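Asks: here is my input; please provide its structure:
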Amino acid sequence: MTFLPRDWDSHPPLIYSDYKSTNLRGPTLPLVPIRHSGCETTGPAFGPQYLGQLDHDLTKNAQVNGEPLGERIVVTGQVRDESGHPIPNTLIEVWQANAAGRYIHVVDDHGAPLDPNFMGAGRCVSDDKGNYRFYTVKPGAYPWKNHHNAWRPNHIHFSLLGPAMATRLVTQMYFPGDPLLDLDPIFQGAPAAARHRLVSRFSIEVTEPEFAIGYVFDIVLRGQTATPVQH
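Replies: Below you'll find the model as predicted:
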């Protein structure tokens, strides 16, 4: 399998000073190219047989005694390669804060409440046309202590896995019109010309009557129109 070189004009620098943790974890020496071998581009294979019936529905996959709180949304889109061809059988995992801006995680000490009926994680596999769909609630903004009065915009984390761990893409999806985007170093770290690829678009066609607001977020894995990496 032949891969085109990564187009760094689509991705944030490995060290972006305004995003403070990259100063500690970003590499300071030149990267070392690693030649691809068969073991790096084959297996393990992820398919529908590994998914639960409700894995894609974050409004139901953690219910204990009722519906999760918040604005229900549908997030859908297509996974494509650098040539615009759909990519089937891609494992897509998502994780996010709840509607109050709180993660179920031991280090999340934000004072917002947890939701006993919302786990904040799900997964699905793209179909034969590269399409995926999740049901969830719109995540809330939360403080993150990167700088004075720092707040993360509403966002959903995405992880995409192809035929091997070496093919993983981690990124974030944002929502249109969020005023915090202009103030967020993680979003602003992406090249200006590529930032719009991180923002979903509202779709009345995807919106389900009397149930959930619809958003479309297409993901391009490589090339000049690639979806930027967001950790």
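Asks: CA atoms for contacts and neighbours, from now on please.
Replies: Noted.
Asks: after the helix or strand of the chain with the lowest mean pLDDT, heading C-terminal, what element do we hit next?
Replies: Ranking every helix and strand in the chain by mean pLDDT, DSSP states H and E puts helix 38-41 at the bottom, with a mean of 52. Using DSSP states H and E, the helix or strand that follows helix 38-41 in sequence is strand 72-80.
Asks: the residue nearest the centre of the chain and residue 147: what is the separation?
Replies: Computing the C-alpha centroid of the chain and ranking residues by Cα atoms, centre = their mean puts residue 158 first, at 2.2 Å. Computed with Cα to Cα, to the nearest Å, the distance linking residue 158 and residue 147 is 25 Å.
Asks: then residue 114?
Replies: According to Cα to Cα, residue 114 stands 25 Å off from residue 147.
Asks: same check on residue 75?
Replies: Computed with Cα to Cα, the distance linking residue 75 and residue 147 is 30 Å.
Asks: neighbour count winner among those two?
Replies: Regarding residue 75 and residue 147, a neighbour count based on other Cα atoms under 10 Å identifies residue 75 as having more, with 26 against 12.
Asks: isn't the more buried one right next to residue 134, touching?
Replies: Yes - taking contact to mean Cα atoms under 8 Å, the distance of 5.1 Å between residue 75 and residue 134 places them in contact.
Asks: so how many other residues sit close to the closest residue to residue 98 other than its chain neighbours?
Replies: The shortest distance from residue 98 to any non-neighbouring residue, by Cα to Cα, 6 or more residues apart in numbering, is to residue 139 (5.1 Å). Residues near residue 139, counting by other Cα under 10 Å, number 26.
Asks: so residue 139 sits against residue 94, correct?
Replies: No - with the criterion set as Cα under 8 Å, residue 139 and residue 94 do not qualify as a contacting pair; they are 11.9 Å apart.
Asks: so where's this protein shaky on pLDDT?
Replies: Per-residue confidence of the chain (counting by pLDDT under 70) places the weak regions at 1-6, 35-49, 163-166.
Asks: all strands for this structure, in order.
Replies: For the chain, applying DSSP state E gives strands covering 72-80, 91-95, 121-125, 131-137, 142-143, 151-152, 155-161, 169-174, 201-202, 213-216, 219-220.
Asks: adding distance to residue 188, write the ones you listed out as a markdown table.
Replies: A markdown table is the format used below for the strands of the chain (distance: least, Cα to Cα, whole Å):
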| stretch | distance to residue 188 |
| --- | --- |
| strand 72-80 | 23 |
| strand 91-95 | 21 |
| strand 121-125 | 25 |
| strand 131-137 | 25 |
| strand 142-143 | 17 |
| strand 151-152 | 12 |
| strand 155-161 | 14 |
| strand 169-174 | 12 |
| strand 201-202 | 18 |
| strand 213-216 | 21 |
| strand 219-220 | 19 |
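Asks: now for these, which one comes closest to residue 190?
Replies: With distances scored as Cα to Cα, the stretch of these nearest to residue 190 is strand 169-174 (10.9 Å).
Asks: who's in contact with the closest one?
Replies: Under the criterion Cα atoms under 8 Å, 6 or more residues apart in numbering, residues 153-161, 198-200, 217, 221, 227-231 lie in contact with strand 169-174.
Asks: now do the contacts for residue 58.
Replies: In this structure, residue 58 makes contact with 118, 119, 120, 121, 122, 134, 135, 136, 137, judged by Cα under 8 Å, 6+ apart.
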